[in-house]
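Whatever this is, show me its structure:
(chains A and B)
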Amino acid sequence: MSINVLFFARYAEAVGFDSLEMEGDFATVDTVRLALAADPEFAVLNEPSLMCARNEELCSLDEPLVDGDEVAFFPPVTGG
Amino acid sequence: MAIRVQAEAFDPGAEVNAMHAANVGVGAVVSFVGYVRDFNDGREVSGMFLEHYPGMTEKALTQIATEAEQRWPLLKLEVLHRIGVLEPGEPIVFVAAASAHRQAAFDACAFVMDYLKTRAPFWKKENTPEGPRWVEGRGSDHAAADRWK
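Numbers count the residues shown, from 1 in each chain, chains lettered A, B, ... in the order given. As a prediction, this is how the structure comes out:
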């Protein structure tokens, strides 16, 4: 399956880019996160305050994925 | 409801007036305006950049506004949030609720702001004398949102 992964704000700066395409079997959002976080370059994804979204909706890390999904990781939001 | 995400400045007074124009059934309008401050967390702030998640931003704001309309008898609800470069003193966010009686408008306005603070994908990056820095999320925002559960 193919998953489009997005990073925003401080996370995008930390990893050095704002999107990447991942190929493989990813049961949940957390499977994607763990696959990335194994690389020190993505250490920011281990922050306990991390927020995530699937297809432009906030979700929890155990959210299931299907082929073609868009997953986003970002720090706590600070609008308003 | 009206949801607007825009780089352009806006006039909060004109927005408030438009809330009851052409609807004499409106007995109450409650509005909130958030402004960029020139000082935050111990540092002078000379301006900021508002990043967001295009697509999700509009969806999240629409969901929050829809929930408010389901909970309170509103006649009109507007949510306006700016993105991009902002200067101190500029309005950054506007929420207004119109209803027949005041309590629904007060509550809906507070609810939308509390949820926006914790669920809408915006991130502030401030310019300070020590350089740019990302604003950190506040635990008190989550406590404020939790009171509506």
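
Return the residues of chain B in contact with chain A.
B:34, B:50-53, B:55-56, B:59-60, B:81, B:92-93, B:113, B:116-125, B:134-137 (C-beta under 8 Å from any C-beta of the partner chain). C-betas here are computed from N, CA, C, even on glycine.

Which ChimeraX command selects the buried ones in the residues you listed?
Buried members of the residues of chain B next to chain A, defined by 16 or more other C-beta atoms under 10 Å in any protein chain shown, are picked up in ChimeraX with:
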select /B:34,50,51,52,53,56,59,60,81,92,93,113,116,117,118,119,120,121,122,123,124,125,134,135,137
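
Can you give me the pLDDT of residue 15?
Went with chain A since none was named. pLDDT recorded at A:Val15 is 98.

my bad, chain B
For B:Glu15, the predicted pLDDT is 97.

so it sits right up against B:Val29, yeah?
No: applying C-beta atoms under 8 Å as the test, B:Glu15 and B:Val29 come out as separate, 9.9 Å apart.

Which residue ranges of chain B form strands?
Here chain B has its strands, by DSSP state E, at B:2-6, B:28-35, B:39-40, B:43-44, B:47-52, B:74-82, B:84-86, B:91-99, B:122-128, B:131-134.

which of those strands is buried the deepest?
Stretch with highest mean neighbour count among the strands of chain B: strand B:91-99 (a mean of 24; mean count of other C-beta atoms under 10 Å in any protein chain shown).

Output the longest helix belonging to chain B.
In chain B, assigned by DSSP state H, the helix with the most residues is helix B:102-119.

now the strands for chain A?
With DSSP E as the criterion, chain A has strands at A:2-7, A:19-23, A:51-54, A:57-59, A:70-74.

where does chain A have low pLDDT?
Residues of chain A meeting the criterion pLDDT under 70: none.

who in it is up against chain B?
Proximity of chain A to chain B, by C-beta under 8 Å from any C-beta, involves residues A:6, A:8-10, A:49, A:53, A:56-58, A:72, A:74-80.

Quick check on these: which are buried?
Burial by neighbour count, 16+ other C-beta under 10 Å: within these this picks out A:6, A:8-10, A:53, A:56, A:58, A:72, A:74-80.

now the helices for chain A?
Going by DSSP H, chain A shows helices at A:9-15, A:29-37.

Contacts for the longest one next, please.
The set of residues that contact helix A:29-37 without belonging to it, under C-beta atoms under 8 Å, 6 or more residues apart in numbering or on different chains, is A:3, A:5, A:22, A:24-26, A:42-43, A:45-46, A:50, A:52, A:54, A:59-63, A:65, A:71, A:73.

what residues are up against the residue sitting nearest the centre point of chain A?
Closest to where the C-alpha atoms of chain A average out (C-alpha atoms, centre = their mean) is A:Phe73, at 3.6 Å. Taking C-beta under 8 Å, 6+ apart as the contact definition, A:Phe73 lies against A:5-8, A:11, A:33, A:45, A:50-52.
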